[in-house]
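1. below are the sequence and a predicted model for it; my questions follow.
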Amino acid sequence: MNQKFHYFRSYVLLTQLYYNQTQLFHSMTHSSLKLLILLLPALIMSAKSSANNNSIAGRPQNEFSITAYCSYNTFHPSQYIADNNWDILTAFREEGPVSRLDSMNIPYNSSQLRLLMVGDLLTYSNGILKTKMPIFDKEQTDGLRGESKVFSDSIYPLIEPKIKELVSLLTKSGYGAQTYSLIFSYLLDGYIWDDGKLPTQQQTTDHGTWEGAYWAMYDKRKEDRDGTNQYGPLTINWTDQLGYWPGDKLLLSFARCIADNKLPVQDKKLREKLIKYNLVNSDGQPVIPVIKHGNKDQADLLCDEIATIVSGAVNEYAGKIASTYNIPSQQDAAVIFYHEVMWDLRSLLLSNGIIHKPAILNGEEVGPEHFSDITFIVEE
């Protein structure tokens, strides 16, 4: 919606309020009425400020929180956002003619528009363009995150006892140092997506050159965000603050040894490098957790119970999220909503002392041997 209209509408609403309350004004003293009139411009400026804070057009791409949950064979959706294509996408959150770009002084050419259409981020019909990628403004972002917080608070009591039991079981198995990463990366960021509990990339919208969901929230969450990297059976929980990283080459070499059943690690140079990060012992055997996914042991059954409770509730709530925030499908809505719920559940687990974030994830210089605190193996 045009910002000028926001301002005009705010002024009209304030004027209507003025005339609808004539009896009240008649009863006011002259000084009180004079004060209200003096305050009217300030109220209008406040409305302008609110509109500006919610504005998408002209907001730099790097100020958004952009997430891709997708698989692709040719191009990742982010590759279509070259040059000033982001400005084009934000201009057409509300459908409109190409001439809108001229009125907004956004330079473009037909090749840019075609590229965005090939990437299925922009649609064109009868002279009208419309951005297909969900880009949430501040009001929508705050609203969706607010719903996520309430949702997480309500579901947390159902899963806390089971997570406590799982943490206890992992600790007794000798995995106390890796408990945080196993709960976050393995369970909340991994297991819950398995077996179609939450929509897979293939179950979400097909975009031609890629499958899945790709969206932008107005701003980044305030808390630190973790990530999960997988090298075949080898999984690493990471953050941008991580001060120690063995390098992809070393991790891939270790992952190949695991995948090819070539353990213990025989190569002396490789073994020495892995020992530095406390991933194997002097014999070349892994000293990090080995999780047997789907083997129906006690840990696996607990993970399945927790994931089923959370995913079931998310899928049920996704219809409301889709309609409220104009998300193309219920499957996409479930994916987007869970990517907020996940952080709220993690915050609850941390604040209640159920899990504790390893110092290495906070960027503390604890030594490379603590890389093993955030690393584990998953056997299918």
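-> Good, I have the coordinates.
2. tell me the confidence at the one residue sitting closest to the centre of the chain?
-> Centroid check for the chain by C-alpha atoms, centre = their mean gives residue 339 as the closest residue, at 4.3 Å. Note on residue 339: pLDDT of 97.
3. again, but for residue 194
-> Listed pLDDT for residue 194 reads 89.
4. please apply the same query to the one 4 residues further on.
-> Residue 198 is assigned a predicted lDDT (pLDDT) of 96.
5. and what of residue 74?
-> Residue 74 is given a pLDDT of 87.
6. avg pLDDT for the longest helix seen in the chain?
-> Longest helix of the chain, by residue count under DSSP state H: helix 138-172. Helix 138-172 shows a mean pLDDT of 98.
7. surely residue 159 and residue 306 touch.
-> Yes. Checked against C-beta atoms under 8 Å, the pair residue 159 and residue 306 is within contact range at 5.1 Å. Using the backbone N, CA and C atoms, a C-beta is placed for each residue, glycine as well.
8. which strands or helices does the longest helix of the chain pack on?
-> Secondary-structure packing of helix 138-172 (3 or more C-beta pairs under 8 Å, 6 or more residues apart in numbering; DSSP states H and E): helix 30-54, helix 179-181, strand 210-217, helix 298-324, helix 330-351.
9. can you tell which of these is closest to residue 265?
-> Nearest of those to residue 265, taken as C-beta to C-beta: helix 179-181 at 21.7 Å.
10. which residues of the stretch 1-150 of the chain score low on pLDDT?
-> Counting by pLDDT under 70, the low-confidence segments of the stretch 1-150 of the chain come to 1-54.
11. show me where it has helices.
-> Assigned by DSSP state H, counting those that start in this stretch, the stretch 1-150 of the chain shows helices spanning 3-20, 22-27, 30-54, 85-91, 99-103, 110-118, 138-172.
12. that older thread, export the helices and strands packed on helix 138-172 to CSV and tack on distance to residue 246?
-> Below are these laid out as CSV (distance: least, C-beta to C-beta, whole Å):
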stretch, distance to residue 246
helix 30-54, 43
helix 179-181, 16
strand 210-217, 29
helix 298-324, 27
helix 330-351, 25
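13. and residue 324, how many neighbours?
-> Residue 324 has 13 neighbours, counted by other C-beta atoms under 10 Å.
14. list the contacts for it?
-> Residues near residue 324 by C-beta atoms under 8 Å, 6 or more residues apart in numbering: residue 143.
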